[in-house]
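Q: can't give you the sequence, but here's the structure:
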């Protein structure tokens, strides 16, 4: 890595679906883009690995759909939500797309690899195994990043616009404001692994509610199943942070989870991440800096729309950036306006559903009520996705 001064229209940090898709959209518009990623791809990532039908529309717009289709994921026709007593209701994938639309079960290792490679092919300069060690500031404006590459060399990267797409860690925002380096104690811990021999309904993603959390399981590629669940930090600590013990003693209190996974074998290393917050963060933390994806808002995995939020927020940001280019004040105002239209109501509804999922009697009552009316169930499901913002 040379010490020459580099200048880009946009420097994006984090090559998950939010960062990579934003990089592709900006490059397609003729902008010079640098995409910086701490890890080397492919890599495992804690995620529900459920790609809703609307995401496939974004992949088509990005031109990456053929690569995604070739990755060997599993079609998912419905999501089944189970209360602790084993009673469940179905939400059809086609409710979020056209008739016969399918969701897709695909690992983040496969999906993210295809996105970052498509970014390269689109003209984005990609730096993997590269850490951001500081922000560049000029006249109280973020003007770029300071990085350290795999060879330990350091460089200053100047950009008209910098984007934090680092997920829940919000690492650029934390560097901007040292006062938020002191993290709040996590109330929850999320776990994820891949399993074999799960006995799920074919073509279904299954969601399990239990005291203090919820989990989900669906088939991905290579005849494996992704299991991702949330437990309270208190329960996790009591069980010595042993994920298999948490799975068997907490997740399996849900009758359907215990039945479906009675013979499973864990085939990938467990991943664990503390969760400090749900909901909105700051979209524009500083002049010259935007946040997208989980850096902007961490939506409840319970709704299966986290991946969609990443892709939608990046599209909204790209629209603002491409429209106003050199006027950051206009970019910021446009991004805030259209983000609120797209996600304001959705985040509130997801918060209510998360609260119900965490309390067994509320989960059972909610599932019983939704089970009585197909129309009501469809309306509630769509409310976790659709908004007043057209075209996202």
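A: Perfect, I can see it now. Note that this is a predicted model, so its numbers are computed, not measured.
Q: Am I right that residue 39 is in a helix?
A: No - secondary structure of residue 39 (DSSP: H, G, I helix; E, B strand; the rest coil): coil, not part of a helix.
Q: That one - how many residues pack around it?
A: For residue 39, the count of nearby residues is 14 (other C-beta atoms under 10 Å). C-beta here means a position set from N, CA and C on the backbone, and glycine is covered the same way.
Q: and if you look at residue 236?
A: Neighbourhood size, residue 236 [other C-beta under 10 Å]: 25.
Q: Model confidence score at it, please.
A: With respect to pLDDT, residue 236 has a value of 95.
Q: residues in contact with stretch 125-134?
A: The contact list for stretch 125-134, computed with C-beta atoms under 8 Å, 6 or more residues apart in numbering, reads 8, 13, 15, 32-41, 116, 119-120, 145-150, 154, 171-172, 175.
Q: The residue lying closest to residue 254 once chain neighbours are set aside sits in which helix or strand?
A: Computed as C-beta to C-beta, 6 or more residues apart in numbering, the closest residue to residue 254 that is not its neighbour in sequence is residue 208, at 4.0 Å. Residue 208 is located in strand 204-210, with elements delineated by DSSP states H and E.
Q: What strands line up against that strand, and which way round?
A: Next to strand 204-210 in the sheet, as set by DSSP bridges, lie strand 78-82 (parallel), strand 213-219 (antiparallel).
Q: and the shortest one, average pLDDT?
A: Mean pLDDT, taken over the full extent of strand 78-82, equals 93.
Q: What residues sit buried inside it?
A: 78-82 (16 or more other C-beta atoms under 10 Å).
Q: Just put those in TSV and tack on distance to residue 229.
A: Shown next, in TSV, are the buried residues of strand 78-82 (distance: C-beta to C-beta, whole Å):
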residue	distance to residue 229
78	20
79	15
80	15
81	14
82	13
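Q: Which one of these is nearest to residue 261?
A: Distance to residue 261, by C-beta to C-beta, is smallest for residue 82 among the buried residues of strand 78-82, at 12.1 Å.
Q: Filter the contacts of stretch 125-134 down to just the buried residues.
A: Applying 16+ other C-beta under 10 Å to the contacts of stretch 125-134 flags 8, 13, 15, 32-38, 41, 116, 119, 145, 147-148, 171-172, 175 as buried.
Q: Please flag which of the residues you listed sit within strands.
A: 8, 13, 33-36, 145, 147-148 (DSSP state E).
Q: closest to residue 328 among these?
A: residue 8 (14.7 Å).
Q: follow-up on the earlier one: and the residue nearest to residue 254, what's its pLDDT?
A: 94.
Q: what's the answer for the one 10 residues further on, then?
A: At residue 218, the predicted lDDT confidence score is 97.
Q: beta partners of residue 134?
A: residue 146.
Q: State the number of residues packed around it.
A: Residue 134 has 14 nearby residues by other C-beta under 10 Å.
Q: Could you do residue 317 as well?
A: Other residues close to residue 317 by other C-beta under 10 Å number 31.
Q: contacting residues around it?
A: Each residue near residue 317 by C-beta under 8 Å, 6+ apart is listed here: 22, 163, 290, 292, 335.
Q: Secondary structure element holding it?
A: Assessed by DSSP H and E, residue 317 sits inside helix 306-324.
Q: Now that helix: buried residues?
A: Residues 306-321, 324 are the ones in helix 306-324 that count as buried (16+ other C-beta under 10 Å).
Q: What of stretch 59-79?
A: Going by 16+ other C-beta under 10 Å, stretch 59-79 has these buried residues: 59, 62, 64-65, 67-68, 71, 73-74, 76-79.
Q: what about the closest residue to residue 335 other than its chain neighbours, distance to residue 218?
A: In space, and not counting its chain neighbours, residue 335 is closest to residue 320: 4.4 Å by C-beta to C-beta, 6+ apart. Using C-beta to C-beta, to the nearest Å, we find residue 320 at a distance of 34 Å from residue 218.
Q: could you pull out the strands for the stretch 101-250 of the chain?
A: 103-105, 125-127, 131-138, 141-148, 154-164, 188-196, 204-210, 213-219, 225-232 (DSSP state E, counting those that start in this stretch).
Q: In the third one, which residues are buried?
A: Think strand 131-138. 131-132, 135-136.
Q: Just put those in CSV and tack on pLDDT and distance to residue 340.
A: Below are the buried residues of strand 131-138 laid out as CSV (pLDDT from 0 to 100; distance: C-beta to C-beta, whole Å):
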residue, pLDDT, distance to residue 340
131, 96, 33
132, 96, 28
135, 95, 26
136, 95, 29
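Q: can you pull out the strands in the stretch 251-392 of the chain?
A: So, for the stretch 251-392 of the chain - with DSSP E, counting those that start in this stretch - the strands run 265-266, 271-275, 279-280, 289-291, 297-298.
Q: now those strands as a markdown table including mean neighbour count and mean pLDDT?
A: Formatted as a markdown table, these follow (neighbours: other C-beta atoms under 10 Å; pLDDT from 0 to 100):
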| stretch | mean neighbour count | mean pLDDT |
| --- | --- | --- |
| strand 265-266 | 12 | 96 |
| strand 271-275 | 16 | 91 |
| strand 279-280 | 14 | 65 |
| strand 289-291 | 26 | 97 |
| strand 297-298 | 22 | 76 |
